[in-house]
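Asks: Generate a structure from the sequence data that follows.
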Amino acid sequence: MRIRRRPLLMVSASGTFLGCFLTVTSFFLKSNAMLLDWAPVLAVGRVLIYVASFSIGMGLVPWVIMSEFPTSTFSIYARFSAMTILFVAKIVPDTKGKTLEEIQACINS
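Replies: Residues are numbered from 1 along each chain as shown. Below you'll find the model as predicted:
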């Protein structure tokens, strides 16, 4: 049985959206002291919805599509990866052993 890529991506994207939206709803319920007994169960269940939805399309289809790209496309990915390394090395602060106030001060400077 063959399933087309676009419907897989649409179902997967819809499921990941739903999982994230419902997880936010769980945290909202908890922060407003509503359904306190159910909020953790709902949050975990909704994260599972996200993971399952991601694995059927968003996690799978890009690997299949990448195999169809011309080789020159990977040079673009290599450039973005190199820019990411430079970005992290130059801009992202190391936060190990720092307090939240020290991290905030580092980010704001």
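
Asks: okay, CA-based contacts and neighbour counts for the rest of this
Replies: Noted.

Asks: Let me know the next secondary structure element after the host helix or strand of Val51.
Replies: If you go by DSSP states H and E, Val51 is part of helix 39-53. Downstream of helix 39-53, the first helix or strand assigned by DSSP H and E is helix 61-66.

Asks: Can you list the buried residues in that next one?
Replies: By 16 or more other Cα atoms under 10 Å, the buried positions in helix 61-66 come out as Val61.

Asks: Now it: average pLDDT?
Replies: Mean pLDDT, computed over helix 61-66, is 76.

Asks: any idea how far that helix is from the chain center?
Replies: Computed by Cα atoms, centre = their mean, to the nearest Å, the chain-centroid distance of helix 61-66 equals 17 Å.

Asks: For the chain, give me the ranges with low pLDDT.
Replies: 1 (pLDDT under 70).

Asks: Strands along that one, start to end?
Replies: Using DSSP state E, the chain contains no strands.

Asks: Please spell out which residues along the helix holding Val51 are buried.
Replies: 39, 42-43, 46-47, 49-53.

Asks: right, and the pair among these with maximum separation?
Replies: Pairwise distances across the buried residues of helix 39-53 peak at 20.9 Å for Ala39 and Ser53 (criterion: Cα to Cα).
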